[in-house]
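# Quick one: sequence and predicted model below, then my questions.
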Amino acid sequence: ARHAGPRPARTRVGSRTSARLRVCAPACSAPLRRARRAAMAANMYRVGDYVFFENSSSNPYLIRRIEELNKTASGNVEAKVVCFYRRRDISNSLIQLADKHAKELDEEKESPSEPDLSDKQKHQLRHRELFLSRQYESLPATHIRGKCSVALLNETESVLSYLEKEDTFFYSLVYDPTQKTLLADKGEIRVGPRFQADVPDMLQEGEPDERDQSKLEVKMWDPHCPLTNRQIDQFLVVARAVGTFARALDCSSSVRQPSLHMSAAAASRDITLFHAMDTLHRHGYDLSSAISVLVPQGGPVLCRDEMEEWSASEANLFEEALEKYGKDFNDIRQDFLPWKSLTSIIEYYYMWKTTDRYVQQKRLKAAEAESKLKQVYIPTYNKPNPNQISVSNGKMATVNGVAGVANFQPPGLGRACESCFSMQSPQWYSWGPPNMQCRLCVSCWLYWKKYGGLKMPSRAEGEEKMSPSPAPTEPRSRGHGPRQSAYAVPVRNSGSPKSSMKTRQAFLLQATRLTKLARHMCRDLIRLRQAARRPFVPINCAAVKAECKTSLNS
């Protein structure tokens, strides 16, 4: 009874509000549906996509191309992928070979239009370079962490375009992980001034042609010949009949084509027609003379193409090689058919594509492709990374070196980002060997995972370039990035009062009075500031002693 009065008002207001909500619901849900569709499309992975794979929480992503999506017996989805390698994945000698190849390509350009790149741009451009391989592997589809774009290096496009696009990489060389070799990719896009024909000036009337006629093309057929189309067709029929009769007389051909129908089909191939038309052209389109050449004194002329020359075992080897290498005819010849010439293999391939066997194999592959998965949906990976820096109670560490719980300060919390030197970040990630106590901010950590390096070039890289290369017996440091030198010495002081290194016995290096005097007298020769920046480059002590003695004697 107490609430009898206000209830109708509440009901009316409630009904109006619900009506307003019902009216606004379609308008509000349309952008939401579009956002959901966009998220679904971003997380939908198809055959042919270039993707990031994560095989370690601390290492950079793997870059792969999806070739097949297969469902296992347990119900999981596995992706058969093509492997791409980064510069950090190959040896130092191969990196030098790749740099030499890039320099040669740049020198071949007649008009290099590339602007001068800064050190930072050159540093980041190395992170965008990949090396294609012919290696396949199977990885769980749940390890996919996003899409990327990989393209063959285009000489007509500026290299800065790869830096301007997010998650974009390029390649120009093929890496063989078993042989440890680099080869130029044969799928070169022949665009540019190097591939343009030089068109000579048109000859004036009466001007002699001084070109070497032997290097020019040869006329093989005259479309304005005196023969009619009917006469030419009749001559081609005679040539086919002669080819069929020649196969009947040949023992090897009669074994391969035991029936008259098969012999006639083989005689109707292009090789017989080309021989007939060449004969007619050489004899000035004289039918009687050309027919007499088709059947010389020794017997009818037998013309065979690659389809007849190859045996059944060679054809099976070719199909096996084509399944493994695709249209890489050099590898097919090297590994499967070394006794065949490259011209013979290519000619056989295009003739093989006209046979019924090719059509049957194409249908079988289409049926297999229909039975396989064409796409798979992988939700966004949101689990926390084990490298996140957190306090002991599970809360994330705060920024600016201030702990959030009971003045607790994790080791290395006051350090700046190892890449961008920033002191503020909503989240920090441990990076590098644990004894170095290095960390990265959110953006630099994402850059490290995607591109396999740090954003900024480090001084350690410059020192490594200026210093001689290490001996082959010395193990090459392949740590997490360029900021870690070959001697595992941090580039910057951590700023933490507690040292993370193991305690060692203290020692003191005390200079003699003569040494102190030599520092001042031979300042131009020693260059203390430069020597301090390069602690591993030895000082020429003999020159310093000689200079010091000369100054003291004078």
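Received the coordinates, thanks. The model shown is predicted, which means the values in this text are computed figures rather than measured ones.
# does Tyr175 count as helix, strand or coil?
strand (DSSP: H, G, I helix; E, B strand; the rest coil).
# On the strand side of things, show who it bridges to.
Leu182 (DSSP bridges).
# can you count the residues close to it?
23 (other Cβ atoms under 10 Å). Just so you know, the C-beta spots here come from the backbone N, C-alpha and C atoms, and that holds for glycine as well.
# I figured it was touching Arg134, is that so?
No: applying Cβ atoms under 8 Å, one finds Tyr175 not in contact with Arg134, separated by 9.1 Å.
# Let's verify the closest residue to Lys122 other than its chain neighbours: helix, strand, or coil?
Nearest non-adjacent residue to Lys122, counting by Cβ to Cβ, 6 or more residues apart in numbering: Pro457, 7.8 Å away. On the three-state scheme (three-state DSSP), Pro457 is labelled coil.
# roughly how far apart are Pro457 and Ser118?
9 Å (Cβ to Cβ, to the nearest Å).
# between these two, who's got more neighbours?
Pro457 (19 against 10).
# which stretches of the protein form strands?
44-46, 50-53, 62-71, 77-86, 129-140, 144-152, 168-176, 181-184, 375-377, 429-431, 438-440 (DSSP state E).
# Can you find the helix or strand in the protein with the smallest mean pLDDT?
helix 459-466 (a mean of 40; mean pLDDT, DSSP states H and E).
# one step back: want to throw the strands of the chain into CSV with distance to Ala264 and mean pLDDT?
Listed next are these as CSV, based on distance: least, Cβ to Cβ, whole Å; pLDDT from 0 to 100:
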stretch, distance to Ala264, mean pLDDT
strand 44-46, 47, 91
strand 50-53, 51, 95
strand 62-71, 43, 92
strand 77-86, 45, 93
strand 129-140, 43, 91
strand 144-152, 46, 92
strand 168-176, 46, 91
strand 181-184, 46, 84
strand 375-377, 49, 88
strand 429-431, 74, 90
strand 438-440, 75, 88
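# number of nearby residues for the residue lying closest to Arg46 once chain neighbours are set aside?
Nearest residue to Arg46, sequence neighbours excluded (Cβ to Cβ, 6+ apart): Gln375, at 4.4 Å. Residues near Gln375, counting by other Cβ under 10 Å, number 11.
# Can you pull out the low-pLDDT segments for the protein?
Applying pLDDT under 70 to the chain flags the ranges 1-29, 108-115, 185-192, 253-258, 391-414, 458-507.
# hang on, isn't the residue nearest to Arg46 packed against Tyr45?
Yes: taking contacts as Cβ under 8 Å, Gln375 lies within contact range of Tyr45: 6.4 Å.
# Now for these two: what residues contact both?
Common neighbours of Gln375 and Tyr45, using Cβ atoms under 8 Å, 6 or more residues apart in numbering, are Leu69.
# how deep is Ile271 tucked in, by neighbour count?
Neighbours of Ile271 (other Cβ under 10 Å): 19.
# And Pro384, by the same measure?
10.
# for Glu368, same thing?
Neighbours of Glu368 using other Cβ under 10 Å come to 10.
# From Glu68, how far out is it?
Distance, Glu368 to Glu68, by Cβ to Cβ: 10 Å.
# Also Met423?
Between Met423 and Glu68 the computed distance is 47 Å (Cβ to Cβ).
# before we move on, back to that, out of the strands of the chain, which gets nearest to His261?
Closest to His261 of the strands of the chain is strand 62-71 (Cβ to Cβ; 40.7 Å).
# Kindly state the distance between the middle of the closest one and the middle of its chain.
Here strand 62-71 is found 15 Å from its chain centre; the criterion is Cα atoms, centre = their mean, to the nearest Å.
# What residues sit buried inside it?
Leu62, Ile63, Arg64, Arg65, Ile66, Leu69 (16 or more other Cβ atoms under 10 Å).
# do the same with stretch 361-376
Result for stretch 361-376 [16+ other Cβ under 10 Å]: buried residues Val376.
# just use 8 as the starting number from now, easier for me
Yep, numbering from 8; the last one is stretch 368-383 now.
# ok, residues contacting it?
Outside stretch 368-383, the residues touching it (Cβ under 8 Å, 6+ apart) are Met51, Tyr52, Arg53, Val54, Glu75, Leu76, Asn77, Lys78, Val84, Ala86, Ala148, Glu326.
# can I get the CA coordinates of it in PDB?
What follows is stretch 368-383, C-alpha atoms only, in PDB (Å, rounded to 0.1, in the frame of the first residue of the first chain):
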ATOM      1  CA  GLN A 368      46.700 -35.800 -61.700                       C
ATOM      2  CA  LYS A 369      45.200 -32.300 -61.700                       C
ATOM      3  CA  ARG A 370      41.800 -33.800 -60.900                       C
ATOM      4  CA  LEU A 371      43.200 -35.900 -58.100                       C
ATOM      5  CA  LYS A 372      45.000 -32.900 -56.600                       C
ATOM      6  CA  ALA A 373      41.700 -30.900 -56.800                       C
ATOM      7  CA  ALA A 374      39.900 -33.700 -55.000                       C
ATOM      8  CA  GLU A 375      42.500 -33.800 -52.300                       C
ATOM      9  CA  ALA A 376      42.400 -30.000 -51.900                       C
ATOM     10  CA  GLU A 377      38.600 -30.200 -51.500                       C
ATOM     11  CA  SER A 378      39.000 -32.700 -48.600                       C
ATOM     12  CA  LYS A 379      41.600 -30.500 -46.800                       C
ATOM     13  CA  LEU A 380      40.900 -27.500 -44.600                       C
ATOM     14  CA  LYS A 381      41.000 -24.200 -46.400                       C
ATOM     15  CA  GLN A 382      41.000 -21.900 -43.400                       C
ATOM     16  CA  VAL A 383      41.100 -22.100 -39.600                       C
END
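# Can you give the distance of that stretch from its chain's centre?
For stretch 368-383 - counting by Cα atoms, centre = their mean - the centre lies 26 Å from the chain centre.
# Could you do stretch 442-449 as well?
The answer for stretch 442-449 is 30 Å, by Cα atoms, centre = their mean.
# go on, stretch 317-325?
Distance, stretch centre to chain centre, for stretch 317-325: 33 Å (Cα atoms, centre = their mean).
# what residues does that stretch touch?
Taking Cβ under 8 Å, 6+ apart as the rule, stretch 317-325 contacts Ile339, Phe343, Leu344, Lys347, Ile352, Tyr355, Tyr356, Trp359.
# Is it correct that the first one is in contact with Ile353?
No: contact criterion Cβ under 8 Å: Ile339 and Ile353 do not qualify, at 9.7 Å.
# who has more neighbours, those two?
Of the pair Ile339 and Ile353, Ile339 is the one with more neighbours under other Cβ under 10 Å, namely 24 against 15.
# Need the nearest residue in space to that one, chain neighbours excluded.
Ala328 (4.2 Å).
# List the residues that contact that neighbour.
Contacts of Ala328 (Cβ under 8 Å, 6+ apart): Asp338, Ile339, Asp342, Phe343, Leu344.
# possible to save those residues as a markdown table with distance to Arg541?
Supplementary listing: the contacts of Ala328 in a markdown table, determined by distance: Cβ to Cβ, whole Å:
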| residue | distance to Arg541 |
| --- | --- |
| Asp338 | 47 |
| Ile339 | 52 |
| Asp342 | 49 |
| Phe343 | 54 |
| Leu344 | 56 |
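# Most neighbours among those, which one is it?
Ile339 (24 neighbours).
# Any figure for the gap between that residue and Arg520?
Ile339 is 77 Å from Arg520, by Cβ to Cβ.
# Show me where the stretch 258-407 of the chain has its helices.
Remark: helices assigned in the stretch 258-407 of the chain by DSSP state H, counting those that start in this stretch are 258-263, 267-274, 277-289, 294-301, 313-316, 319-332, 336-342, 349-359, 363-378.
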